[in-house]
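Engineer: predicted model follows, preceded by the sequence.
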Amino acid sequence: MSQALVVEDSTPMREMMVEALSRVEGLATVEAADGLDALRKIAKQQFDIILTDINMPILDGLKLVKRLRSDEKYRAVPVIIVTTEAADEDRQRALALGANAYLTKPVKAAEVAALVAQLLVPGAPQDA
């Protein structure tokens, strides 16, 4: 079974993401309230895909992506940014840091589920 980590400080948004991921067959989901919480969970288990917000207290999503990409175990793990930041420069910065995809809120559950399923398939396109 594949493991997903949803990193989001907004409880309602985190719940929506978990619900969206429940549509992906063979995927279990773990939740983290911010980037630091995510790092704690990453230290304890391996994840196959990570979805993160940008704007979070303590450790934001961009810093999380940077830390993940500097870790050999997470260099190739797909990371999806799901954020309210709609500016093209924010998107470009996230992708330059190593994010595989960038979704702007509000997002549809079906869109999130489809992108996650696509990124979990080896050889699938890695940019959305």
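Structural biologist: Nice, I can see it.

Engineer: element containing residue 65, please.
Structural biologist: Counting by DSSP states H and E, the secondary-structure element that holds residue 65 is helix 61-69.

Engineer: packing partners for that helix?
Structural biologist: Under the contact criterion of 3 or more CB pairs under 8 Å, 6 or more residues apart in numbering; DSSP states H and E, helix 61-69 touches helix 35-44, strand 49-52, strand 79-83, helix 88-97. For glycine as for every other residue, the C-beta is placed from the backbone atoms N, C-alpha and C.

Engineer: mean neighbour count, the ones you listed: which tops it?
Structural biologist: Of all the helices and strands packed on helix 61-69, strand 49-52 has the most neighbours on average by mean count of other CB atoms under 10 Å, namely a mean of 26.

Engineer: what does it contact?
Structural biologist: The set of residues that contact strand 49-52 without belonging to it, under CB atoms under 8 Å, 6 or more residues apart in numbering, is 2-8, 17, 21, 35, 38, 61, 64-65, 68, 74, 77-82, 112, 116, 119-120.
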